[in-house]
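>>> Model the structure of this input:
(chains A and B)
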2 protein chains.
Amino acid sequence: MKIIRSITEMQRTAGKFKRNGRTIGFVPTMGALHEGHLSLIRRANKENEITVTSIFVNPIQFGPAEDFRFYPRPFKQDAALCRKEGVDFIFYPGPEQMYPPGFKTYVDVFEMGDFLCGPLRPGHFRAVTTVVSKLFNIVFPTAAYFGQKDAQQAVIIQRMVKDLNIPVKIKVIPTVREKNGLALSSRNIYLSASERKDSVVLSEALKSAKKMILSGRRNADTIIKAMRKLISAKKNAKIEYISVVGLEDLKPLKKIQEKCLVALAVRFGRTRLIDNIIVKS
Amino acid sequence: MKIIRSITEMQRTAGKFKRNGRTIGFVPTMGALHEGHLSLIRRANKENEITVTSIFVNPIQFGPAEDFRFYPRPFKQDAALCRKEGVDFIFYPGPEQMYPPGFKTYVDVFEMGDFLCGPLRPGHFRAVTTVVSKLFNIVFPTAAYFGQKDAQQAVIIQRMVKDLNIPVKIKVIPTVREKNGLALSSRNIYLSASERKDSVVLSEALKSAKKMILSGRRNADTIIKAMRKLISAKKNAKIEYISVVGLEDLKPLKKIQEKCLVALAVRFGRTRLIDNIIVKS
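Modelled structure (predicted):
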């Protein structure tokens, strides 16, 4: 495994593999790797000849009140995990290299950032699509792997790739959960013992929503109300949103047809957790 | 020479050349080819193994009051010119293929569209950078060729390519002019005989600006005033702007240091003409 810090070296290396007709599987991450990331890496590794992981805590996707400075950066541990999983290259650039002075180009998927996390994190998805565009131009992936946990991100990136004709396959991999149901996230380490215990309610609320829909409930408000009641029972929980939206356009649904995404963001203390479930009835 | 209408076929074709290590020179155009375009094609042909020209009248870069419907589309003549110049592939997609329903991704270079043509053509440069991004993802060029006549476009595209790490070299080729100095443009065919005659004043004003700067004048307003006087002497001419700006950031200069871009947009009847000159003192 090789760690590459330079953009041009990564382009040269990936370009050579590409020219030789080798397939490149790419897993972009912000580090602090957990089993969720590792499941993406394993899929990338299985489906491609070369596996590249990027580790880059993207400064522009954090709001001014968000946790950029405190976001965990256990690089040595991450590198060891990557090596163990058979990653061939870690791309590990510095922010000054990714955003040099004078930087002013952004890739924006309109409307799809208006729902779910968008209004609460202005500029976040534009920052994600911008950095992912850059990374695709540096790593030349055949396929790139994203987690279903970040559902909105995955949908927006799929739209971007389609709209801009980017020659990469996007694969969205199921959320990995703890035994109790809590979706894995690099931010779970912020949770206190009691918050961690209470946060189980998120996956329980999603499961109960699925059950309601599968048993014939079609009114989104009814589902949301029931979830809100369940989650609010935990004193620590502060709901940011609970939404039932279309799978492709992320627009809020009133009446659920065949398929939908039930998604939520809830704060426990200073920790913001998101989770979601796809329901096909 | 082959004409390709399908995005996926173009990607497959270009991808094969790319994998075989062949260099691809790319000239994106809106058709209605003139000697200016041909000078780009010749350079692309000379410097690369494969030459691709795209012909696509990009609907989203025209304002509602602009000439999208009437923009000239002499495809047969264009194809004959391309064949004569040794173009290998014309990429000639339809608008419904480039912008299918649900399209919502845009590439935007901020600030640099705030000057010169930007305020008068809202959304124009965003549309240009978006379509050029798409074309780069379809044609996989080693180098892409743009005319200095569209100076702002060239600077914005260079910024985009740098910011997004797009692996393509951008080459900006000098403006081709008629003997009397008029910069070649597909829109010159709109000019009446008298407008065509009067429009020579644009290149004359630019030349006189260059002379003033080289003779030591450093105050941009003085230069602009003198140009304005020259151009206003033509009754048909309606000045949209005359600006002296920095070469890299396009910001208006008060005092001219070593290098600057003198640029203008002037209407003759319904025809909008642009021209510019780079001055290095």
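>>> which residues in the stretch 151-281 of chain A form strands?
A:169-173, A:237-245, A:259-268, A:271-280 (DSSP state E, counting those that start in this stretch).
>>> The helix or strand containing A:Tyr145 pairs with which strands?
In the assignment (DSSP states H and E), A:Tyr145 maps to strand A:143-147. As defined by DSSP bridges, the strand partners of strand A:143-147 come to strand A:24-29 (parallel), strand A:169-173 (parallel).
>>> Can I get these in JSON lines including mean pLDDT and distance to B:Val57?
The C-beta positions use only the backbone N, C-alpha and C, and glycine is treated the same way. What follows is those, written out as JSON lines (pLDDT from 0 to 100; distance: least, CB to CB, whole Å):
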{"stretch": "strand A:24-29", "mean pLDDT": "98", "distance to B:Val57": "35"}
{"stretch": "strand A:169-173", "mean pLDDT": "98", "distance to B:Val57": "30"}
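>>> Please name whichever of those is nearest to B:Leu253.
Proximity to B:Leu253 (CB to CB) singles out strand A:24-29 among the strands paired with strand A:143-147, at 40.5 Å.
>>> residues in the stretch 151-281 of chain A within reach of chain B, list them.
Taking CB under 8 Å from any CB of the partner chain, the part of the stretch 151-281 of chain A that reaches chain B is made up of A:159-160, A:163-167, A:249.
>>> who wins for most neighbours among those?
A:Met160 (26 neighbours; other CB atoms under 10 Å in any protein chain shown).
>>> Could you report the pLDDT at it?
On pLDDT, A:Met160 comes in at 98.
>>> Repeat that for the one 4 residues further on.
pLDDT, the model's per-residue confidence, is 98 for A:Leu164.
>>> I'd like to check which residues are in contact with it.
When the contact criterion is CB atoms under 8 Å, 6 or more residues apart in numbering or on different chains, the partners of A:Leu164 are A:107, A:133, B:105, B:107, B:130, B:133-134, B:137.
>>> Give me the neighbour count for A:Glu49.
14.
>>> What sits closest to it if chain neighbours are left out?
Excluding the flanking residues, the one nearest A:Glu49 by CB to CB, 6 or more residues apart in numbering or on different chains is A:Arg22, at 4.5 Å.
>>> repeat for A:Asn45
Per CB to CB, 6+ apart, closest to A:Asn45 is A:Thr51, 4.6 Å.
>>> Tell me the bridge partners for that neighbour.
A:Gly25.
>>> how much space between it and A:Glu35?
17 Å (CB to CB, to the nearest Å).
>>> These two: which is more packed in?
Using other CB under 10 Å, the more surrounded residue of A:Thr51 and A:Glu35 is A:Thr51, with 27 against 12.
>>> Quick one: residues contacting that one.
A:24-27, A:41, A:44-45, A:85-89.
>>> where along the stretch 51-200 of chain A do the helices fall?
For the stretch 51-200 of chain A, helices defined by DSSP state H, counting those that start in this stretch occupy the ranges A:75-85, A:95-98, A:124-139, A:151-163, A:193-198, A:200-214.
>>> re the thing from before, JSON lines for the contacts of A:Thr51, including neighbour count?
Putting the contacts of A:Thr51 into JSON lines (neighbours: other CB atoms under 10 Å in any protein chain shown) gives the following:
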{"residue": "A:Ile24", "neighbour count": "23"}
{"residue": "A:Gly25", "neighbour count": "27"}
{"residue": "A:Phe26", "neighbour count": "27"}
{"residue": "A:Val27", "neighbour count": "31"}
{"residue": "A:Ile41", "neighbour count": "24"}
{"residue": "A:Ala44", "neighbour count": "28"}
{"residue": "A:Asn45", "neighbour count": "19"}
{"residue": "A:Glu85", "neighbour count": "20"}
{"residue": "A:Gly86", "neighbour count": "13"}
{"residue": "A:Val87", "neighbour count": "23"}
{"residue": "A:Asp88", "neighbour count": "19"}
{"residue": "A:Phe89", "neighbour count": "23"}
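>>> Go through those and say which is closest to chain B.
Ranked by distance to chain B (CB to the nearest CB), those are led by A:Ile24 at 12.9 Å.
>>> quick one on the thing from earlier: now the angle from the strand holding A:Tyr145 to helix A:151-163?
Angle, strand A:143-147 to helix A:151-163, by axes from the mean of the first three to the mean of the last three CA atoms, to 10 degrees: 160 degrees.
>>> could you give the mean pLDDT of strand A:143-147?
On average, strand A:143-147 scores 98.
>>> Only the buried residues of that strand, if you could.
A:143-147 (16 or more other CB atoms under 10 Å in any protein chain shown).
>>> can you list the domains in chain A?
A:2-173, A:186-275 (automatic domain parsing).
>>> Enumerate every residue touching the residue positioned nearest the centre of chain A.
Nearest to the mean C-alpha position of chain A, counting by CA atoms, centre = their mean, stands A:Asp150 at 3.4 Å. By CB under 8 Å, 6+ apart, the contact list for A:Asp150 reads A:Ile274.
>>> now do 10 Å
Residues in contact with A:Asp150 (CB atoms under 10 Å, 6 or more residues apart in numbering or on different chains) are A:36, A:117, A:128, A:156-157, A:172, A:175, A:183, A:185, A:274, A:276.
>>> Quickly name whichever of the residues you listed is closest to chain B.
Nearest to chain B among those: A:Ile156, at 8.9 Å, using CB to the nearest CB.
>>> ok, the closest one - how many residues close by?
A:Ile156 sits with 25 neighbouring residues when counted by other CB under 10 Å.
>>> List the contacts of it.
Counted by CB under 10 Å, 6+ apart, A:Ile156 has contacts A:108-109, A:111-113, A:118, A:125-126, A:128-129, A:132, A:150, A:250, B:104-105.
>>> Any of these buried? List them.
A:108-109, A:112-113, A:118, A:125-126, A:128-129, A:132, A:150, A:250, B:104-105.
>>> measure stretch A:128-147 end to end?
Taking CA to CA, to the nearest Å, stretch A:128-147 runs 14 Å from one end to the other.
>>> can you check stretch A:43-51 too?
Start and end residues of stretch A:43-51 are separated by 10 Å (CA to CA).
>>> any idea how far stretch A:150-163 is from the chain center?
10 Å (CA atoms, centre = their mean, to the nearest Å).
>>> repeat for stretch A:10-30
The answer for stretch A:10-30 is 21 Å, by CA atoms, centre = their mean.
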